[in-house]
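[1] pasting the sequence and the predicted model now:
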Amino acid sequence: MSGWPKNKSWEKYINDRTEEFAEYLWPKWDPVNRKWEGAAADKMHEATKAELEICVRELHQQDILQAFPNTHAASRLSPKNHLWHYRVEDFIGYDDTGIAHPPQEYGYDTATATRPFSNIVRYDPDQNADDIWEVFCDLNGSKVKGTFQFKLTFQRPRPYTATMILGVDGVKHHTATRHIHTGGHPAFPSGHCLQGLLISGGLIHQQAERLGLGAVNVDAIMQYGVDFGDRRVFAGVHYPTDNIASWVNAVLLSGELFDDNKATQARIKHAIRTHSRVYKVINRHYRDIDVLKPAVAYMDKHI
């Protein structure tokens, strides 16, 4: 992986994406003048209500978290549904060595919840915690973690808050336990969605260099990366447009972070377009709603 971003180029990247997001997806918050800025502010309430209603109809009413993911692999481990995976992914309970201890009340297998992303073995049993941890630390420690400042700039309320303000019924909200990633910080963009795609892209990049691409289960790994972000929408803690922002970040950042940037970018785009249930919902239902058309146009430009 490359050493990007440098300070100046990173600052420019953040500024450029901030202006784009505020125009097409969600306005930025001006804490001094206490107002929302950007073209997206004009229809923010109407657009958010439309998103929530679509999520209720197309995802929550269908109890999507009870469905089983398409893992693209004949795993040696018993299959688990999206809710199980989401609870593993939403759980946080690390000791001072960085090891996560799963909550016993859910009966999580130690093999799939000992470190971040280690439940990927339910998609590809040939993955191992050491490879995942190496990629996670490299990306999260120096690069992906920096995107958290977007959340502070955009201050988007979580869907479970917006439903009360906008009067939308039927949104299902799930968290893991008392120890969770989804805390009091804002929704936009989805950190899990970005991490899932870049970690999966990083694993493929790392293993292809060592073993050859033919020995890597690309479909299973990228399905996991897509589902990692999709499940946040399934669980009612993110909006689909939060994922659009993260998809764009994943595509653009992968063009700078990996030596095989074009190949990794192509894999991420392909995975989103072909494997993501959230992408299919956006593609099918957002195009006919005027207040959501700018978000679709932005997605189409980059994905």
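    Okay, I see it. Residues are numbered from 1 along each chain as shown.
[2] residues in contact with the helix or strand residue 18 falls within?
    Assessed by DSSP states H and E, residue 18 sits inside helix 7-24. Residues from elsewhere that reach helix 7-24 (Cβ atoms under 8 Å, 6 or more residues apart in numbering): 4-5, 28, 37-41, 146, 149-150, 153-154, 188-189, 245, 248-249, 252, 294-295, 297-298. (C-beta placed from N, C-alpha, C; glycine too.)
[3] for the lengthiest helix in the chain, packing partners?
    In the chain, with assignment by DSSP state H, the single longest helix is helix 191-211. Packing partners of helix 191-211 (3 or more Cβ pairs under 8 Å, 6 or more residues apart in numbering; DSSP states H and E): helix 129-142, helix 218-234, helix 240-257, helix 261-275.
[4] can you rerun that using 10 Å?
    Here helix 191-211 touches helix 82-90, helix 129-142, helix 148-154, helix 218-234, helix 240-257, helix 261-275, going by 3 or more Cβ pairs under 10 Å, 6 or more residues apart in numbering; DSSP states H and E.
[5] ok now the longest one, how far from the chain's centre?
    A distance of 9 Å separates the centroid of the chain from that of helix 240-257, by Cα atoms, centre = their mean, to the nearest Å.
[6] what about stretch 276-289, distance to the chain center?
    Centroid displacement of stretch 276-289 relative to its chain, using Cα atoms, centre = their mean, is 16 Å.
[7] so which bits of it are buried?
    Neighbour-count burial for stretch 276-289, counted by 16 or more other Cβ atoms under 10 Å, picks out 276, 277, 278, 279, 281, 282, 285, 286, 289.
[8] now those residues as TSV including secondary structure?
    Shown next, in TSV, are the buried residues of stretch 276-289 (DSSP: H, G, I helix; E, B strand; the rest coil):
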residue	secondary structure
276	coil
277	helix
278	helix
279	helix
281	helix
282	helix
285	helix
286	coil
289	coil
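[9] save those as CSV, and put in distance to residue 222 and pLDDT too.
    Formatted as CSV, the buried residues of stretch 276-289 follow (distance: Cβ to Cβ, whole Å; pLDDT from 0 to 100):
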residue, distance to residue 222, pLDDT
276, 10, 97
277, 14, 97
278, 15, 98
279, 13, 98
281, 19, 97
282, 18, 98
285, 24, 97
286, 23, 98
289, 29, 97
